[in-house]
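Participant: sequence first, then the predicted structure, then my questions.
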Protein chains: 2
Amino acid sequence: MIEALNKAFCVLPGVGGKSAQRFVYHLLEKNREGGLELAKALINAMENIKNCASCRTLSEKKLCDICANHKRDQAQLCVVETPADIYAIEKSGAYQGKYFVLSGYLSPIDGVGAAELGLDELQQKLNQQQVKEIILATNATIEGEVTAHYISNMAQQFDIQITRIAHGIPIGGELEYADINTIAHALSGRKKYLSD
Amino acid sequence: MIEALNKAFCVLPGVGGKSAQRFVYHLLEKNREGGLELAKALINAMENIKNCASCRTLSEKKLCDICANHKRDQAQLCVVETPADIYAIEKSGAYQGKYFVLSGYLSPIDGVGAAELGLDELQQKLNQQQVKEIILATNATIEGEVTAHYISNMAQQFDIQITRIAHGIPIGGELEYADINTIAHALSGRKKYLSD
C-alpha cells in the first residue's frame, strides 16, 4: 500500500522514487488530514475541470473567467502553448486582451498537427472579424517558433496585424550571463533608442 | 478548483506554489488518469495504514512484515527514528535483526517525551529478555544523540549489549570535502587497523 502510493506519486513531473518516499512518509506520519484533502482536491479537479469552449484553457465553467469578461479587449488575441502561460501573462498585468490556448506545439512526429492544436477553431475565431491583432506568444523554442510561423501563415489571409512577443535579455538579467542565442536575438532585434 | 488543488499540493514537503502549479497543469493536461490513481492511492493509504503493534513502523497489517518474519534475529533490536530509516537499512542488506521505531526524537520543547517515542513499549520489549543487543541508530544530530543517550541509560538496567552505529567519513567520500565535525568524529572513533 505504501509502495502503491509511492508509485502513484511518480506520475508528477520531476518526482522520482526518493521524493515520492519523502512525500509518503511525511503524509503518513505528520499530515494524514492533508493527504485526504489532497485526494479530494485531485478527484474534484480531474473530474470537473474541462476546457473553455472559447479559448480552450482549463476551466471548471463552460466559459473561463477571461472569456466571460466583457471588459477584456476582443480585438487582441494572444496565442499561447499552455494554460500556465496565461497565468504567467496575467500575473504581469500587462495584457487586457483575450487568449487562445494551443495545448502544445506542432509536432508531426508525435501526431500533433493543426487539428490537435485547435487551429480550425482559431481560424473560425479570426474569421469572425473581431480580432484585429493576433499576438504569437508560443515559447522561444524551435517547436514554438515553428508553431508561431505556421499560425502566422494561416492568419495572413485575414486583415489582421500579426505580432510576436519580444525576445532578448531578460529584465534584470546581465549580458555577461546570457546565453549566445539570446544575445544574438537581442542584437538582431535591436530597436531605435528614443531619448526624451 | 485549480487553486484549491494547487493549495492542497503545498502540504507536501518541499513543494511550493511553483511546483504545485507544475503538478496541477501536468495532471490536468496530460495525465488525469494518473491524478485519479494518485487520489485513490492516497485515500487508501491515509485510511488503512496504521502502526505495527510490535515495532511501531507504518504497516497495513497488525504486525509488519519484518516483525512477522520468524527468520529475523530476535536477539538484535535496532532503534531508529523513522520508518524511512528502516527502509534505508533494509536496502543495505547488512542487518537481519528486528527494529523499533521511535517516530521522532526527544524534544521536550515540542512536547515529545519518552511516552510519545514509545519508550515504555521499548522497555517492556527489553524486559522480555529476548533482546541481547540494542543498536542505537538514531540520527547523528544533537537530538538524535540525546535520544540515543536517554535510551542507553534506560537500557542499562537490563543485561544487554548497547551499541551505536558508527559515524565517520562516508564510504567513497573524500576527506578533503568532509565537514569538520565528521572528521573530528572519525578521528576520535578510530579503530585498530588489522592487516592480514
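Facilitator: Thanks, I have it.

Participant: show me where chain A has its helices.
Facilitator: For chain A, the helices defined by DSSP state H cover A:2-9, A:17-30, A:32-48, A:65-68, A:83-92, A:119-127, A:142-155, A:180-188.

Participant: mean neighbour count for the ones you listed - can I get that in a markdown table?
Facilitator: (C-beta placed from N, C-alpha, C; glycine too.) Listed next are the helices of chain A as a markdown table, based on neighbours: other Cβ atoms under 10 Å in any protein chain shown:
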| stretch | mean neighbour count |
| --- | --- |
| helix A:2-9 | 18 |
| helix A:17-30 | 18 |
| helix A:32-48 | 19 |
| helix A:65-68 | 16 |
| helix A:83-92 | 16 |
| helix A:119-127 | 16 |
| helix A:142-155 | 17 |
| helix A:180-188 | 12 |
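
Participant: save those helices as JSON lines, and put in mean pLDDT and distance to chain B too.
Facilitator: Output for the helices of chain A, formatted as JSON lines (pLDDT from 0 to 100; distance: least, Cβ to the nearest Cβ, whole Å):
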{"stretch": "helix A:2-9", "mean pLDDT": "94", "distance to chain B": "4"}
{"stretch": "helix A:17-30", "mean pLDDT": "93", "distance to chain B": "5"}
{"stretch": "helix A:32-48", "mean pLDDT": "96", "distance to chain B": "4"}
{"stretch": "helix A:65-68", "mean pLDDT": "95", "distance to chain B": "11"}
{"stretch": "helix A:83-92", "mean pLDDT": "92", "distance to chain B": "5"}
{"stretch": "helix A:119-127", "mean pLDDT": "95", "distance to chain B": "17"}
{"stretch": "helix A:142-155", "mean pLDDT": "94", "distance to chain B": "16"}
{"stretch": "helix A:180-188", "mean pLDDT": "86", "distance to chain B": "22"}
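
Participant: could you export the ones you listed as TSV, including distance to B:E143?
Facilitator: Output for the helices of chain A, formatted as TSV (distance: least, Cβ to Cβ, whole Å):
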stretch	distance to B:E143
helix A:2-9	25
helix A:17-30	16
helix A:32-48	24
helix A:65-68	48
helix A:83-92	40
helix A:119-127	59
helix A:142-155	50
helix A:180-188	47
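
Participant: nearest to B:D120, of the ones you listed?
Facilitator: helix A:17-30 (19.8 Å; Cβ to Cβ).

Participant: ok, A:C67 to A:N51 distance?
Facilitator: 11 Å (Cβ to Cβ, to the nearest Å).

Participant: before we move on, the earlier item: for the helices of chain A, which one sits closest to B:L122?
Facilitator: helix A:17-30 (18.2 Å).

Participant: then the lengthiest strand in chain A to CSV, C-alphas only?
Facilitator: Across chain A, the longest stretch assigned as strand under DSSP state E is strand A:73-80. Output of strand A:73-80 as CSV, limited to C-alpha atoms (Å, rounded to 0.1, in the frame of the first residue of the first chain):
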residue,chain,number,x,y,z
ASP,A,73,-10.4,43.7,-25.3
GLN,A,74,-11.8,41.4,-28.0
ALA,A,75,-9.6,43.0,-30.6
GLN,A,76,-6.4,41.4,-29.2
LEU,A,77,-5.9,37.6,-29.2
CYS,A,78,-2.8,36.2,-27.6
VAL,A,79,-1.9,32.6,-28.7
VAL,A,80,-0.1,30.6,-26.0
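
Participant: measure how far that strand is from the centre of its chain, please.
Facilitator: Distance of strand A:73-80 from the chain centroid (Cα atoms, centre = their mean, to the nearest Å) equals 14 Å.
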